[in-house]
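**Q** Below are the sequence and a predicted model for it; my questions follow.
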Amino acid sequence: MTKLQTNTLYYGDNLEVLRDHIPDDSVDLIYLDPPFNSNRSYNVLFKEAGKGESPAQIEAFEDTWHPGESANRAFEEVAIHGGDDTARLLTAMVDALGHNDVTAYLSMMAVRLIEMHRVLKSTGSIFLHCDPTASHYLKVLMDSIFGPANFVNEIIWKRQTAHNDIGQGAKHLGRLHDSILLYCKSGDHTWNQQYQVYDEDYADKFYRHVEPGSGRRYQLSDTTAPGGADPAKRNPHYEFLGVTRYWRFSESRMKELYAEGRIVQTKPGTVPRQKRYLDEMPGVSLQSVWTDILPLQAQARERLGYPTQKPLDLLERIVKLGSNPGDVVLDPFCGCGTALHAAQKLGRKWIGIDITNLAINLIRRRMEDAFPELKDKIVVIGEPVDLPGAQELADRDKYQFQWWALDRIGASPAGGDKKKGMDRGIDGVIPFMEGSMDRRRVIVSVKGGAVTSGHVRDLKGVLEREGAPIGVLLTMKPPTREMKTEAASAGTYASETWGRSYPRLQ
């Protein structure tokens, strides 16, 4: 039986990781924000593959899953692992909508949600973060996997204060919210009710009394209760302060509250009422529309530059709602790791999975910066740990190899994705300071295949073009003698700050 390993990052396809590393009934809370490019034209998303516009017209975007072998295989696996209901539902969706990005996305999601249902404990919950482009399809899909009776809430998070793209020709209302679909595995799921602070208008309206001396605000609430026909269920009946009624409290408890100054009779003969202080109230019970958590602003300290990064406050609320300290939180599309950050901060164990090495390295640095006690203790499974593993990664995906290799030397990817920087000979940069005000950078070029002295000359040209002091050619294959000679011809860089010279091309 697979043993669950927590406080661990997995680099790879989350379907394979879920099947190979996460045992049945082992996770308390799952949060996922599966990538979907909702900014593209809704009509383009539904364009049939191979019909009308060419596939190139549907711009390649690494967050979108397209029709193809992987989607077809996922569709077939649903029938094997997910049962008839989900298989019939997917078949109906494809028949109705056609073979396009949406149905490919739903097929890929279905087989993964089946695995998430398997690993979730009977007391567990799953929070699926999505937007209106596909939320309605995902809800129907989750109904088929988790059961309609286990739907708990559709949470609406207002992620923007305003959005106006009318100037670009849009003919729709501003799109301001995301949906978070909350399902449980059973009715016995973990639940910690959360509260929001009363706003001033509410407090002024309902807590309008102010206690002399203490200045505490309070309201007066009813102390009576219905009598009922059944004596066994009837509330207590007695006289108190000259008033005979059925009461919410026993006679002894009513006397205790009166002695504490918490029962008030405004004048003789009126029904006594209970004094309830504002500062003792937990707040307003959290509802399903969340407008009090603001999206990340460009200047936010927690912003990491990740395009779909969510606020830490949002994930803390979710983790608090559905788990307890010591529980296990899983994010199978962990991106920049906000759910893991929230879990660690709140005393939960965590597991993160992502298919990009860039995300894994970003999360590892984020967690170590936020929690120094995790320094060099975070386990990453799936990364290369030796030369054959690095070569396999370079052969499989040159960009993932570049990101992995850059992280090994503390370099940041240029542009952060496959499309930026790569065509200008800059794969990564290492910034440094020369003096207190002069910010400079080392330019890094990564080559996973065969290398020649021509690659060195190319990097020399990039240094001249960019005015950079140092260049690094990071290669899988050892450099040739000609490469070393070419590199030496670039000369040296004399650093006043460090008081020594360095080879300009390394």
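**A** Nice, thanks for sending it over. Computed from a predicted structure; not experimentally measured. Residues are numbered from 1 along each chain as shown.
**Q** C-alpha only now, for contacts and for neighbours.
**A** Will do.
**Q** need the next SSE after the helix or strand encompassing Glu392, C-terminal direction.
**A** Under the criterion of DSSP states H and E, Glu392 resides in helix 387-396. As assigned by DSSP H and E, the chain's next helix or strand after helix 387-396 is helix 398-408.
**Q** For burial, what's the neighbour tally of the nearest residue to Val379 once chain neighbours are set aside?
**A** Spatially, and ignoring its direct neighbours in sequence, Val379 is nearest to Thr8 (5.0 Å; Cα to Cα, 6 or more residues apart in numbering). By other Cα atoms under 10 Å, 19 other residues sit near Thr8.
**Q** which residues pair with Thr8 across the strands?
**A** Applying DSSP bridges to Thr8 gives these bridge partners: Ile351, Val379.
**Q** thinking again about what came up before, the inter-axis angle of the helix holding Glu392 versus helix 398-408?
**A** Helix 387-396 and helix 398-408 are oriented at 140 degrees to each other (axes from the mean of the first three to the mean of the last three Cα atoms, to 10 degrees).
**Q** Which elements pack onto helix 387-396?
**A** Secondary-structure packing of helix 387-396 (3 or more Cα pairs under 8 Å, 6 or more residues apart in numbering; DSSP states H and E): helix 398-408.
**Q** buried set for the helix it packs on?
**A** 398-407 (16 or more other Cα atoms under 10 Å).
**Q** before we move on, what about stretch 187-196?
**A** Residues 189-190 are the ones in stretch 187-196 that count as buried (16+ other Cα under 10 Å).
**Q** now the end-to-end length of that stretch.
**A** One end of stretch 187-196 sits 25 Å from the other (Cα to Cα, to the nearest Å).
**Q** ok now that stretch, how far from the chain's centre?
**A** Distance of stretch 187-196 from the chain centroid (Cα atoms, centre = their mean, to the nearest Å) equals 20 Å.
**Q** in this structure, which segments are predicted with low confidence?
**A** Applying pLDDT under 70 to the chain flags residues 1, 36-68, 81-82, 163-167, 229, 415-423.
**Q** max-length helix in it?
**A** helix 101-119 (DSSP state H).
**Q** After that one, which helix or strand is next? Please name it.
**A** strand 120-130.
**Q** what angle separates that following strand from helix 101-119?
**A** 160 degrees.
**Q** buried set for strand 120-130?
**A** Judged by neighbour count using 16+ other Cα under 10 Å, the buried positions of strand 120-130 are 120-130.
**Q** List the buried residues in the next helix or strand after it.
**A** On the C-terminal side of strand 120-130, the nearest following helix or strand under DSSP H and E is helix 135-146. Buried residues in helix 135-146, counted by 16+ other Cα under 10 Å: 135, 137-139, 141-146.
**Q** What is the next helix-or-strand element following helix 135-146 packed up against?
**A** Following helix 135-146 in sequence order, the next helix or strand is strand 151-158 (DSSP H and E). Where contact means 3+ Cα pairs under 8 Å, 6+ apart, strand 151-158 is packed against strand 177-184, strand 289-290.
**Q** Just checking: what are the partner strands of the last one?
**A** So the one you mean is strand 289-290. strand 151-158 (parallel).
**Q** Touching the strand it pairs with from outside, list them.
**A** With contacts defined as Cα atoms under 8 Å, 6 or more residues apart in numbering, strand 151-158 is touched by 143, 176-184, 288-291, 293-294.
**Q** Nearest to Cys334 among the residues you listed?
**A** Ile180 (15.7 Å; Cα to Cα).
**Q** how many other residues sit next to the closest one?
**A** Other residues near Ile180 come to 24 when the count uses other Cα under 10 Å.
**Q** Hmm, it is touching Phe127, no?
**A** Yes: Ile180 is in contact with Phe127 according to Cα atoms under 8 Å; the separation is 6.1 Å.
**Q** where exactly do the helices run in the stretch 201-350 of the chain?
**A** Along the stretch 201-350 of the chain, the segments classed as helices by DSSP state H, counting those that start in this stretch run 251-259, 312-322, 338-345.
**Q** quick one, which of those is nearest to Asp24?
**A** Between Asp24 and the helices of the stretch 201-350 of the chain, the shortest gap by Cα to Cα is with helix 312-322, which sits at 18.7 Å.
**Q** Just want the angle from the closest one to helix 338-345.
**A** Going by the same axes, to 10 degrees, helix 312-322 makes 60 degrees with helix 338-345.
**Q** Alpha carbons of helix 312-322, as PDB, please.
**A** What follows is helix 312-322, C-alpha atoms only, in PDB (Å, rounded to 0.1, in the frame of the first residue of the first chain):
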ATOM      1  CA  LEU A 312      -3.600  34.300   0.500                       C
ATOM      2  CA  ASP A 313      -6.600  35.500   2.500                       C
ATOM      3  CA  LEU A 314      -8.900  33.700   0.100                       C
ATOM      4  CA  LEU A 315      -7.100  30.400   0.600                       C
ATOM      5  CA  GLU A 316      -6.800  30.800   4.300                       C
ATOM      6  CA  ARG A 317     -10.600  31.100   4.500                       C
ATOM      7  CA  ILE A 318     -11.100  28.000   2.400                       C
ATOM      8  CA  VAL A 319      -8.600  26.000   4.500                       C
ATOM      9  CA  LYS A 320     -10.200  27.100   7.700                       C
ATOM     10  CA  LEU A 321     -13.700  26.200   6.500                       C
ATOM     11  CA  GLY A 322     -13.000  22.600   5.600                       C
END
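**Q** Specify the stretch among the helices and strands packed on strand 151-158 that is closest to Tyr105.
**A** Here strand 177-184 is closest among the helices and strands packed on strand 151-158 (Cα to Cα), at 16.8 Å.
**Q** what sits against Leu474?
**A** 405, 444-447.
**Q** whoops, I mixed them up, Ala71
**A** 65, 104-105, 107-108.
**Q** if we go to 6 Å?
**A** 104, 108 (Cα atoms under 6 Å, 6 or more residues apart in numbering).
**Q** sorry, back to before: quick one: the helix holding Glu392 to chain centroid distance?
**A** Averaging C-alpha positions (Cα atoms, centre = their mean) puts helix 387-396 29 Å from its chain's average.
**Q** what does that helix contact?
**A** Helix 387-396 is contacted from outside by 384, 401, 448, using Cα under 6 Å, 6+ apart.
**Q** and which of these is nearest to Asp25?
**A** Nearest to Asp25 among the contacts of helix 387-396 is Pro384, at 29.6 Å by Cα to Cα.
**Q** Name the residues of stretch 480-488 that are buried.
**A** Neighbour counts over stretch 480-488 (16+ other Cα under 10 Å) mark 483, 486-487 as buried.
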